[in-house]
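In: Just need the structure, nothing else, for what follows:
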Amino acid sequence: MGILVLVFIFISLTQHGKNAHGPDSCNHGGGLCRMGSCVSGEYVAQYCFEPIILCCKNPTPATTES
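Out: Numbers count the residues shown, from 1 in each chain. Sure, this is the predicted structure:
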């Protein structure tokens with residue numbers, strides 16, 4: 001059973017989905033690739049490798065002008 005899970009993960013990582021852009025695109029956009037879920041305060045901006053590895057970004061603080 002464990003080998004089937006490894007095969008599934010390998011296939012998922014080698015076949016990018018339509019929303020997967022890879023780690024380079026995520027890093028250049030100010031994000032960080034994380035496996036499973038984003039940490040508190042981050043949101044999923046895109047996928048590094050769909051559907052397992054997410055590209056997480058911190059929300060940009062709102063700038064106010066006075």
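In: What lies in contact with stretch 37-48?
Out: For stretch 37-48, the external contacting residues (Cβ atoms under 8 Å, 6 or more residues apart in numbering) are 17, 19-23, 25-26, 29, 31-34, 53-59. In short, each C-beta sits where N, CA and C put it, glycine included.
In: Give the buried residues for that stretch.
Out: 38, 42, 45-48 (16 or more other Cβ atoms under 10 Å).
In: In strands, which of the contacts of stretch 37-48 appear?
Out: Counted as lying in strands by DSSP state E, out of the contacts of stretch 37-48, are 32-34, 53-57.
In: which two in those are spaced the farthest apart?
Out: Of all pairs drawn from the ones in strands among the contacts of stretch 37-48, the greatest distance, 14.0 Å, lies between I53 and K57 (Cβ to Cβ).
In: How much space separates N27 from C55?
Out: Going from N27 to C55 by Cβ to Cβ, to the nearest Å gives 9 Å.
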